[in-house]
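Trainee: missing the sequence, but the structure's below:
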């Protein structure tokens, strides 16, 4: 098993039922699935995030809609870009930029608000390309569940089921197990992510400039 392997909603549900000795019951399946979704959202794991590049976004009424899987902002490039000039990049991420790169900060240029990027009335570009952290989803738009998080999902489901039944003593027991598991998971992931982040951003930004410098479309850049 690697840390990015996924697990289905059905298997997580069945594992929770097995611990509750209700494996053959079809009752509460929808409730359990909603509980799994809540647990996946609350864990706030970097394993549930990937980096993506949007297609060119056309500015209309000085704003563009954020992608539906948007989690947080990384950078924004102004379109169109010629094959002989470096693009204008807006980002607050510090990195060792190539010589001559036109890098500007985000402050006082645009804001992200209510699912949109809003630009000032004097912003001249017609299109922009967004680089962003995205929530991992499958082809149907459902969150991808990590196998490494399975104990946290299961403990969350069991805790909420006991709370719904009014068995608060049992719910508190599973709450403690859930929180202990979450702390351990996130600590280990933060250590792993720190080691990746030290070189990842610099190499990604250089790749961006190299692609633009040869006149290639960004296409799958940052797709995981």
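Mentor: Everything's here; your move. Bear in mind the structure is a predicted one, so any value in this text is a computation, not a measurement. Residues are numbered from 1 along each chain as shown.

Trainee: what does stretch 123-136 rub up against?
Mentor: Under the criterion Cβ atoms under 8 Å, 6 or more residues apart in numbering, residues 48-59, 62, 64, 66-67, 69-80, 91, 109-110, 117, 143-144, 208, 218, 222, 224 lie in contact with stretch 123-136. C-beta: built from backbone N, CA, C; applies to glycine.

Trainee: and if we set it to 6 Å?
Mentor: 48-50, 52-54, 56-59, 69-79, 144 (Cβ atoms under 6 Å, 6 or more residues apart in numbering).

Trainee: which of these count as buried?
Mentor: By neighbour count, with 16 or more other Cβ atoms under 10 Å, the contacts of stretch 123-136 hold 48-50, 52-54, 57, 59, 69-71, 73-79, 144 as buried.

Trainee: Domains in the protein, by residue range?
Mentor: As given by automatic domain parsing, the domain ranges for the chain are 6-47+140-197, 49-138.

Trainee: now these as a markdown table including mean pLDDT?
Mentor: Formatted as a markdown table, these follow (pLDDT from 0 to 100):
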| stretch | mean pLDDT |
| --- | --- |
| domain 6-47+140-197 | 84 |
| domain 49-138 | 82 |
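
Trainee: returning to that earlier point: give me the subset of the contacts of stretch 123-136 lying in strands.
Mentor: 49-50, 52-53, 57-58, 70-79 (DSSP state E).

Trainee: Please give the number of neighbouring residues around residue 142.
Mentor: Neighbours of residue 142 under the rule other Cβ atoms under 10 Å: 13.

Trainee: Not counting sequence-adjacent ones, nearest residue to it?
Mentor: Closest residue in space to residue 142, ignoring its immediate chain neighbours: residue 9 at 7.4 Å, by Cβ to Cβ, 6 or more residues apart in numbering.

Trainee: swap in residue 177?
Mentor: Residue 177's closest residue in space is residue 155 (Cβ to Cβ, 6+ apart), at 4.8 Å.

Trainee: Which parts of the chain are strands?
Mentor: 6-7, 49-53, 57-58, 63-65, 70-79, 88-90, 102-104, 111-113, 116-118, 127-135, 145-146.

Trainee: mind listing what the last one pairs with, with the direction of each?
Mentor: According to DSSP bridges, strand 145-146 has the following sheet partners: strand 6-7 (antiparallel).

Trainee: do the third one as well
Mentor: In the sheet containing strand 57-58, the strands it pairs with under DSSP bridges are strand 127-135 (antiparallel).

Trainee: Off-centre distance for the strand it pairs with?
Mentor: With Cα atoms, centre = their mean, to the nearest Å as the basis, strand 127-135 stands 11 Å off its chain's centre.

Trainee: got the angle for that strand vs strand 49-53?
Mentor: Strand 127-135 and strand 49-53 are oriented at 170 degrees to each other (axes from the mean of the first three to the mean of the last three Cα atoms, to 10 degrees).

Trainee: what's the angle from strand 127-135 to strand 70-79?
Mentor: Using the same axes, to 10 degrees: strand 127-135 against strand 70-79 is 160 degrees.

Trainee: Next, count neighbours for the residue nearest to residue 142.
Mentor: Count around residue 9 with other Cβ under 10 Å applied: 17.

Trainee: Helices of this protein, start to end?
Mentor: Counting by DSSP state H, the segments of the chain that form helices are 9-19, 29-42, 150-165, 168-213.
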